[in-house]
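A.B. asks: turn this into a model:
(one chain, ligands or ions: 2)
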Amino acid sequence: MTPLDQHFDAICDALTGPGWLVIPDFLDATSVGELHQLAQQRREQFNRAGVGREAGHQVHNDIRGDSVLWVDNDDPAMLAANARMAALQQQLNRELFLGLAELEWHFASYPAGAFYQRHLDQHRNQDTRVVTVVQYLNPQWQASDGGQLRLYLDDAQHVDVTPHGGTLVVFMANRFEHEVLPATRERVSLTGWYRRRAI
Ligand code: OGA
Ligand code: MN
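C.D. replies: Numbers count the residues shown, from 1 in each chain. Ligands and ions are numbered 1, 2, ... in the order given. Sure, this is the predicted structure:
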């Protein structure tokens, strides 16, 4: 059984119910290490992340301080990672009829002290992002290193997710505002969105 098969029912139940789920150790330590190393090797190709789309796209350190590198869904170095995400997309479509057409995802690196202010994962006037999926690639991360994902739930409560290597977070993109708290060391993730086609 692949890690995905093992977790698939829980992901479906969560997305149709509370709308979010955290799975610690979704990725094994070897995969975390390999993907983390890949991010380090490609360090030069990362670009400062911006806010807004197309002409309105601007870098704002006071809103978000990460740098990103978009993943090519055919990248030979990411065959297993892409296959996992493709399988999840297929299953979500089969079971939940979400009509997910594609996955867009990127590596994200937050230097020490960087954060991402509270936001919703949808651009204004465009709601094609359906499900957010985040996988953390930080070996040996301690809660005291910070960098928590703070997810604001429907009832004005929040939950803080520590970005331990291998942890997966999934949530409905249009439903939960969230923020990334600053960390004391570099924080690396793979963050993506299953989208439906724009109409
Ligand atoms: C994002 C985001 C969360 C995280 O990139 O939009 O909110 O925990 N990332 O990295
Ligand atoms: Mn976000």
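
A.B. asks: pLDDT below threshold where in the protein?
C.D. replies: Along the chain, segments meeting pLDDT under 70 span 1-3, 54, 123-125.

A.B. asks: break down the chain into its helices, ranges please.
C.D. replies: 3-16, 29-41, 79-96 (DSSP state H).

A.B. asks: what residues sit buried inside the last one?
C.D. replies: It stands for helix 79-96. Neighbour-count burial for helix 79-96, with 16 or more other C-beta atoms under 10 Å as criterion, is recorded at A81, N82, R84, M85, L88, Q89, Q91, L92. Every C-beta, even on glycine, is put in place using the N, C-alpha and C of the backbone.

A.B. asks: hang on, the earlier thing: of all the helices of the chain, which one is nearest ligand 1?
C.D. replies: helix 29-41 (13.0 Å; C-beta to the nearest ligand atom).

A.B. asks: how about the residues of the chain by ligand 1?
C.D. replies: By C-beta under 6 Å from any ligand atom, the residues of the chain that approach ligand 1 are A108, Y116, D121, V134, L149, H178, V180, S189, T191.

A.B. asks: and the residue nearest to the last one when sequence neighbours are not counted, how many neighbours?
C.D. replies: Going back to what we said before, that points to T191. Distances taken as C-beta to C-beta, 6 or more residues apart in numbering place V134 nearest to T191, at 4.8 Å, with adjacent residues excluded. As a burial measure, V134 scores 22 neighbours (other C-beta atoms under 10 Å).

A.B. asks: quick one, what contacts V134?
C.D. replies: L149, L168, V169, V170, S189, L190, T191, G192 (C-beta atoms under 8 Å, 6 or more residues apart in numbering).
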